[in-house]
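**Q** Sharing a model prediction with you, sequence too.
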Number of protein chains: 2
Amino acid sequence: MLTGGMRAAYMFAPGDVRVIDAPAPRIEEPTDALVRLVRTCVCGSDLHPYHSMAPNPDGTSMGHEYLGVVEEVGAEVVTVRPGDLVIVPFVFSCGVCDFCREGLQTSCRRAGLASRLGSAGAQAELLRAPLADGTLYPVPVDEHSGLLASLLTLSDVYGTGFHAALTGGAGPETTVAVIGDGAVGLLAVLSARRLGAERIILMGRHAARTDLGREFGATDVVATRADEGVEAVRELTGGDGCHVVLEAVGHLPALEQALGIVRAGGRIARVGVPQYREGPIGREQFARNVTITGGVAPVRHYIDRLLPDVLSGEVDPGRVFDVELSLDDAARGYELMDRREALKVMLRP
Amino acid sequence: MLTGGMRAAYMFAPGDVRVIDAPAPRIEEPTDALVRLVRTCVCGSDLHPYHSMAPNPDGTSMGHEYLGVVEEVGAEVVTVRPGDLVIVPFVFSCGVCDFCREGLQTSCRRAGLASRLGSAGAQAELLRAPLADGTLYPVPVDEHSGLLASLLTLSDVYGTGFHAALTGGAGPETTVAVIGDGAVGLLAVLSARRLGAERIILMGRHAARTDLGREFGATDVVATRADEGVEAVRELTGGDGCHVVLEAVGHLPALEQALGIVRAGGRIARVGVPQYREGPIGREQFARNVTITGGVAPVRHYIDRLLPDVLSGEVDPGRVFDVELSLDDAARGYELMDRREALKVMLRP
């Protein structure tokens, strides 16, 4: 176990990610656990600050997708023990408040997105996981398992894709479109398929990615976007558009595209973090009874449901990782993702 | 039966409504019916052009809420006969296309909101009802029944309030807020109550209206709005806001108010016609997993469900009409509604 410092990726300015020596976290509260990370990764949403953050000489610790082994637990922790391999959802949660019980752990009253519990980013050697009983999800495999990549997706991207598909209402007899061929978009395809959707149109421009999307269940690929993409999806759907649109990008043109391809009475589920404040939700959307739903995914809630098929090998969401690097090469991982030379980069601390 | 002309209310410019002699409609298609209107009314949404329409020397025929007696039917009409009292939903529909069968008659492929089938407004003596088999809903009462006011609400405002409550997910164990104390808002209260909601907060400033809202099922009334109103609703809900918010106004501040009082994971159902193109649907709404739903109500779909309790007298949605005038006094009806001296004006052609 590390005692003094640890290695961790920090971002200082757009394009400036460095792995530095940072203070190692330790147990602070009796409800904490200390987790030694075994796999972490770079998220598409990490690219937003990578493009536009305000420079910060102290740097910001990065990453929010964790898979690790419990090193030590506080006196009150009862559900995990040292040695357990655990999935750490990207938003920490207590597990007992009403929001957690309702399955909206992202709005947990004790932790949750609005708070800043958690002492370091995921792109690091160690994590202090607060409210360990609510936050950590132990899985019955060891740290050398071949399932690590797929398990890691349960900390964010698979659960996020599933949140889109579920809140969007993907199911049998729905035609689903997925906007975005990043990891979340591809796992939204997989999720829609597993919820029973038979017609899934994936909108993306990178053949290697959309090919994986086809393996995950996409029946059609539309490589154009904006008006041209809207036109293509409308053509594929007899002019009507799709019952369900899963928006996994977050930029305003993606939302506009979603509005252009959603069928009257249909549902748009957003899981790309909005990079806009205002959007078109006026009379046209109203006249067509379009619902806009989705949001930050309470992935903790979905692990129960998604884990069994990962453990059995029935699904392999970890295929979204196409590059694996050492944590020390985190900067290179950001570069590869930014240039779209990597779909998703896994980091080994 | 009228043959040459008929009396009809036309709007020529903001504030300028006149009842004029207009050409009487007649059967044009074998699927038409000619309906002699026995009751019609002024809608809150008629006030939007009353405030801001571009002047038009030819005038625009007004009104879209109809109750009438079938005078004549085209050769292909089979579900209604001369003499039947019929409810005419505010959007005409064929009844057989996929959208109609799905219950989204407002998007009917043959008529629907996007088309302009229908030769005159409702504030008139006669109506040519296209696609009569799909559009008209015969009811087993005569034109002197005491139920006319309540039946008339099924052509728009009761069905619209119900659409809000249903799409918003009002039900047992939900706390519901209704924004707007117009006829639709009050009938959204009634609808939420009938769907099982036990806590219903009505936001409105007119005591006579909110008193009726209490009779319809509101448990709390908040007479303030904007930040002050948001604060009051949050206080009533332990700081959390409401699971379901029914927005029955249509102005941007009402949507902002809805966003301010909706609980994380909650649903806003809009049924007030949006008087804006863009709205705040950025990161804050996303982080709280807020859904925005609702839209133009397919009221035809709801008549089956809502009619029995109207016929039995179990509910009396017609209480929203507090002023009854002759069609010839339509201009006066607009004035009263515009000044909020009338809640909703019924017109007798």
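**A** The structure has been received and is ready for your questions.

**Q** Quick one: name the residues of the stretch 101-250 of chain A near chain B.
**A** A:Glu102, A:Leu104, A:Thr106, A:Ser107, A:Leu113, A:Ala114, A:Thr167 (CB under 8 Å from any CB of the partner chain). All C-beta atoms are positioned from the backbone trio N, CA, C, and that covers glycine.

**Q** ok, how many other residues are close to the first one?
**A** Other residues within reach of A:Glu102, judged by other CB atoms under 10 Å in any protein chain shown, total 14.

**Q** you'd agree it is up against B:Gly265?
**A** Yes - contact criterion CB atoms under 8 Å: A:Glu102 and B:Gly265 qualify, at 6.8 Å.

**Q** In space, what's closest to A:Arg288 - neighbours in sequence excluded?
**A** Spatial nearest neighbour of A:Arg288, chain neighbours left out: A:Ala264 (4.3 Å); criterion: CB to CB, 6 or more residues apart in numbering or on different chains.

**Q** do A:Glu143 as well
**A** Distances taken as CB to CB, 6+ apart place A:Val38 nearest to A:Glu143, at 4.8 Å, with adjacent residues excluded.

**Q** Name the secondary structure element that contains that neighbour.
**A** According to DSSP states H and E, A:Val38 maps onto strand A:33-41.

**Q** Now that strand: buried residues?
**A** Within strand A:33-41, the residues scored as buried using 16 or more other CB atoms under 10 Å in any protein chain shown are A:Ala33, A:Leu34, A:Val35, A:Arg36, A:Leu37, A:Val38, A:Arg39, A:Thr40, A:Cys41.

**Q** In chain A, where is pLDDT below threshold?
**A** A:1-3, A:115-120 (pLDDT under 70).

**Q** same thing but at 50, please
**A** A:1-2, A:118-119 (pLDDT under 50).

**Q** Find the nearest non-adjacent residue to the residue most central in space within it, please.
**A** In chain A, the C-alpha closest to the average C-alpha coordinate belongs to A:Val157, at a distance of 2.8 Å (CA atoms, centre = their mean). Distances taken as CB to CB, 6+ apart put A:Ala183 closest to A:Val157, at 4.4 Å, once the chain neighbours are dropped.

**Q** what residues are up against that neighbour?
**A** A:Gly44, A:Thr153, A:Val157, A:Val320, A:Leu343, A:Lys344 (CB atoms under 8 Å, 6 or more residues apart in numbering or on different chains).

**Q** again, 10 Å this time
**A** Contact partners of A:Ala183, counting by CB atoms under 10 Å, 6 or more residues apart in numbering or on different chains, are A:41-44, A:65, A:153, A:156-158, A:160-161, A:209, A:212, A:248, A:317, A:319-322, A:337, A:343-344.

**Q** Just these: which are in strands?
**A** If you go by DSSP state E, the contacts of A:Ala183 have A:Cys41 in strands.

**Q** Can you list the strands that the host helix or strand of A:Gly68 pairs with?
**A** Assigned by DSSP H and E, A:Gly68 belongs to strand A:66-73. Strand A:66-73 has the following sheet partners, assigned by DSSP bridges: strand A:33-41 (antiparallel), strand A:85-88 (antiparallel).

**Q** After the shortest one, which helix or strand is next?
**A** Put plainly, it is strand A:85-88. Beyond strand A:85-88 toward the C-terminal end (DSSP H and E), the next one is helix A:98-102.

**Q** Which positions in that following helix come out as buried?
**A** Neighbour count says helix A:98-102 has A:Phe99, A:Cys100 buried, by 16+ other CB under 10 Å.

**Q** Can you show me the strands along the stretch 151-300 of chain A?
**A** For the stretch 151-300 of chain A, the strands defined by DSSP state E, counting those that start in this stretch occupy A:175-179, A:199-203, A:220-222, A:242-247, A:262-270, A:278-280, A:291-294.

**Q** So which of those strands has the densest surroundings on average?
**A** Most buried of these by mean neighbour count (mean count of other CB atoms under 10 Å in any protein chain shown) is strand A:175-179; its value is a mean of 31.

**Q** got the angle for it vs strand A:199-203?
**A** 20 degrees (axes from the mean of the first three to the mean of the last three CA atoms, to 10 degrees).

**Q** what distance separates strand A:175-179 from the middle of the whole chain?
**A** How far strand A:175-179 lies from its chain's middle: 18 Å, per CA atoms, centre = their mean, to the nearest Å.

**Q** again with stretch A:34-43
**A** What separates the centre of stretch A:34-43 from the centre of its chain is 14 Å, taken as CA atoms, centre = their mean.

**Q** Provide a list of residues in contact with the nearest residue to A:Arg348 once chain neighbours are set aside.
**A** Spatial nearest neighbour of A:Arg348, chain neighbours left out: A:Ser326 (5.5 Å); criterion: CB to CB, 6+ apart. Neighbour list for A:Ser326: A:Arg7, A:Val19, A:Arg332, A:Gly333, A:Leu347, A:Arg348, A:Pro349 [criterion: CB under 10 Å, 6+ apart].

**Q** Chain B versus A:Ser326, what's the distance?
**A** 33 Å (CB to the nearest CB, to the nearest Å).

**Q** Please apply the same query to A:Glu324.
**A** Distance from A:Glu324 to chain B, by CB to the nearest CB: 31 Å.

**Q** What of A:Gln105?
**A** Remark: distance between A:Gln105 and chain B (CB to the nearest CB) = 11 Å.

**Q** Please tell me I have it right and that residue contacts A:Ser93.
**A** Yes - at 3.6 Å, A:Gln105 counts as touching A:Ser93 under the criterion of CB atoms under 10 Å.

**Q** Identify the contacts common to the two.
**A** The contact sets of A:Gln105 and A:Ser93 overlap at A:Phe99, A:Ala111, A:Gly112, A:Leu113, A:Gly134, A:Thr135, A:Pro298, A:Val299, A:Arg300, A:His301 (CB under 10 Å, 6+ apart).

**Q** Could you find the closest non-adjacent residue to the last one?
**A** The spatially closest residue to A:His301, leaving aside those adjacent along the chain, is A:Gly103, at 3.9 Å (CB to CB, 6+ apart).

**Q** The one you found contacts A:Pro298, doesn't it?
**A** Yes - A:Gly103 lies in contact with A:Pro298 (CB under 10 Å); the separation is 5.9 Å.

**Q** Compare neighbour counts for these two and give me the winner.
**A** Set A:Gly103 next to A:Pro298 and count neighbours by other CB under 10 Å: A:Pro298 wins out with 26 against 13.
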